[in-house]
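>>> A predicted structure for the sequence below; I have some questions about it.
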Amino acid sequence: MRPHQSFIRLRTGIPAPFAAASQAGRELQWAGDATCRKRTHANPQIVLLDRRSVCSDETTGAAAHGAPRIRERVARPPARSSRRLCGSSAAEVKTSPTEWSLHLPLPNGVTGAESLAFDARGQGPYTGVSDGRVLKWGGSAVGWTTFAHHANYRKFPMCTVPVAPSEETESLCGRPLGLAFHRKSGDLYIADAYKGLMRVGPDGGEAEVLATTANGVRFNFVNGIDIDQVTGDVYFTDSSVTYPRRFNTEIMMNADATGRLLKYDAQTKQVTVLKDGLPYPNGVAVSYDRTFIVVAHTVPCQAHRYYLQGPKAGHYELLADLRRDGKGGYWVALNQEKGRPGATTAPVKHLVGVRLDGGGVEVEELTAAKGVTLSEVTERKGQLWLGSVELDYIGLVA
């Protein structure tokens, strides 16, 4: 989330990706002279890295970083994910340094598991990737399978057999970003940057396009999404009506403020604009009591609250948190740190995630080596699943 990039997809430029090699037992070398060897999980598709420093692949030169791990291991109820927000540090918070992480590689040739979701049966994760598909992880015996896609994915050969970089074909093939399940129906709602708001049933397949416009204005960069599980109403963002996802840096460079917060009414099937004129709105989250929505802005690296009910209904105000953490608060994945006000020196630790309580106060932080960035932190059954729009794997912290 930006100043540059933020969680919820706030960016500051594209940081160098940190990636783990998929072959078991491959030799890696630390940035210094010492060496490190990859340790493999019982599942050969999952790579376990011991991260005491940054490793560089001798063959490719790619950096390999561990993802963050929280210290406490108490069981937590399932929680929603949060998307990137610019990092800000509180004075007294628990710091959980990274040490070990599991890397779940995506299929060859695809990247960018920006959003992660689990269905009502606990299956998943599901994630959208760079070639336009939504994938489902079926465990080590099954691996990754195609769960959903836009009609164009099967229609045009260049989508299934890439002949150009995904950035050049995503407007045709689709680029699913935010994902959210409606638990009662089992339907998966998809915020596709180019194709609009889509939905697919519990068995997957070709996704149905539900909406592409609001108030006569076409969606241009559909991004974050969440669902009111009681009403089935869907809340989502259109990050800019001027610039599409491929040119998202132009939103920041030109201080574009044409983004919108939208609502899809499950009963009327109509889309209404709740708030427009927003600077790069990104991820969204419906509050536990369903009285407001939290909206993260990539620029100016803030989170706001839009009230749905009560005396403040329709009011939009500054907040500082994002998605729920299972304890009444929120996990926020960080793409770029934001220094403390008045600080005269660079931060001594690199934050990749923070936990905020229900009042928006930072209570815990995750740290990692420089260069590590996240776009999603999803907490489920005491584990943290870590997504990134730049990487070719998903991180898992037990």
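Ah, there it is. Model, not experiment: these values are computed from the prediction. Numbering: from 1, shown residues only.
>>> just the buried positions in the top helix by length along the chain, please.
If you go by DSSP state H, the chain has its longest helix at helix 166-173. Of all the residues in helix 166-173, those buried under the rule 16 or more other C-beta atoms under 10 Å are 166, 169-173. In this view, the C-beta of every residue, glycine as well, is placed from N, C-alpha and C.
>>> can I get these in TSV with distance to residue 216 and pLDDT?
As requested, these are exported to TSV (distance: C-beta to C-beta, whole Å; pLDDT from 0 to 100):
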residue	distance to residue 216	pLDDT
166	31	91
169	28	94
170	25	95
171	21	96
172	24	96
173	27	97
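>>> returning to that earlier point: after the longest helix of the chain, next one along is what?
Proceeding N to C from helix 166-173, the next assigned helix or strand is strand 176-181, under DSSP states H and E.
>>> quick one, that next one and helix 166-173 angle?
60 degrees (axes from the mean of the first three to the mean of the last three C-alpha atoms, to 10 degrees).
>>> and the strands in the stretch 101-250 of the chain, which stretches?
In the stretch 101-250 of the chain, the strands defined using DSSP state E, counting those that start in this stretch lie at 116-117, 126-128, 133-137, 144-149, 176-181, 188-192, 196-200, 205-206, 208-211, 213-214, 217-218, 222-227, 234-238.
>>> now stretch 310-321: mean pLDDT?
Mean per-residue pLDDT for stretch 310-321: 86.
>>> I meant stretch 280-299, not that one.
In this model, stretch 280-299 has a mean pLDDT of 90.
>>> for that stretch, buried residues please.
280-287, 292-299.
>>> can I get that stretch in CSV? Just the C-alpha atoms.
Output of stretch 280-299 as CSV, limited to C-alpha atoms (Å, rounded to 0.1, in the frame of the first residue of the first chain):
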residue,chain,number,x,y,z
TYR,A,280,-6.4,4.5,-4.7
PRO,A,281,-8.9,2.5,-2.6
ASN,A,282,-7.8,-1.1,-2.3
GLY,A,283,-8.8,-3.8,0.2
VAL,A,284,-12.1,-3.7,2.1
ALA,A,285,-13.4,-5.5,5.2
VAL,A,286,-16.8,-5.6,6.7
SER,A,287,-16.7,-5.1,10.5
TYR,A,288,-17.7,-7.9,12.9
ASP,A,289,-20.9,-6.1,13.9
ARG,A,290,-21.6,-5.2,10.2
THR,A,291,-22.0,-1.5,11.1
PHE,A,292,-19.1,-0.2,9.0
ILE,A,293,-16.6,-1.1,6.2
VAL,A,294,-12.9,-0.5,6.5
VAL,A,295,-11.2,0.6,3.3
ALA,A,296,-7.5,0.7,2.7
HIS,A,297,-6.0,3.4,0.5
THR,A,298,-2.7,2.6,-1.3
VAL,A,299,-2.1,6.3,-1.4
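>>> which strands or helices does the longest helix of the chain pack on?
For helix 166-173, the elements it packs on are helix 151-155, helix 157-160, judged by 3 or more C-beta pairs under 8 Å, 6 or more residues apart in numbering; DSSP states H and E.
>>> pull out the buried positions in stretch 199-214.
Neighbour-count burial for stretch 199-214 [16+ other C-beta under 10 Å]: 199-200, 204, 207, 209, 211, 214.
>>> show me the contact partners of it.
Contact partners of stretch 199-214, identified using C-beta atoms under 8 Å, 6 or more residues apart in numbering, comprise 119, 134, 136, 146-151, 154, 185-190, 192, 195-198, 218-219, 238, 260, 262, 264, 269, 271-273.
>>> over to stretch 239-253?
With C-beta under 8 Å, 6+ apart, stretch 239-253 has contacts from 2, 4, 11, 13, 167, 170-171, 175, 177, 193-194, 217-218, 220-223, 254, 256, 258-260, 279-282, 298-299.
>>> can I get the strands of the stretch 101-250 of the chain in CSV with mean pLDDT?
Listed next are the strands of the stretch 101-250 of the chain as CSV, based on pLDDT from 0 to 100:
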stretch, mean pLDDT
strand 116-117, 96
strand 126-128, 98
strand 133-137, 98
strand 144-149, 98
strand 176-181, 97
strand 188-192, 98
strand 196-200, 98
strand 205-206, 98
strand 208-211, 98
strand 213-214, 98
strand 217-218, 97
strand 222-227, 96
strand 234-238, 98
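>>> how near is residue 353 to residue 176?
23 Å (C-beta to C-beta, to the nearest Å).
>>> can I get the helices and strands packed on helix 166-173 in JSON lines with mean neighbour count, mean pLDDT and distance to residue 387?
Shown next, in JSON lines, are the helices and strands packed on helix 166-173 (neighbours: other C-beta atoms under 10 Å; pLDDT from 0 to 100; distance: least, C-beta to C-beta, whole Å):
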{"stretch": "helix 151-155", "mean neighbour count": "15", "mean pLDDT": "96", "distance to residue 387": "21"}
{"stretch": "helix 157-160", "mean neighbour count": "15", "mean pLDDT": "93", "distance to residue 387": "22"}
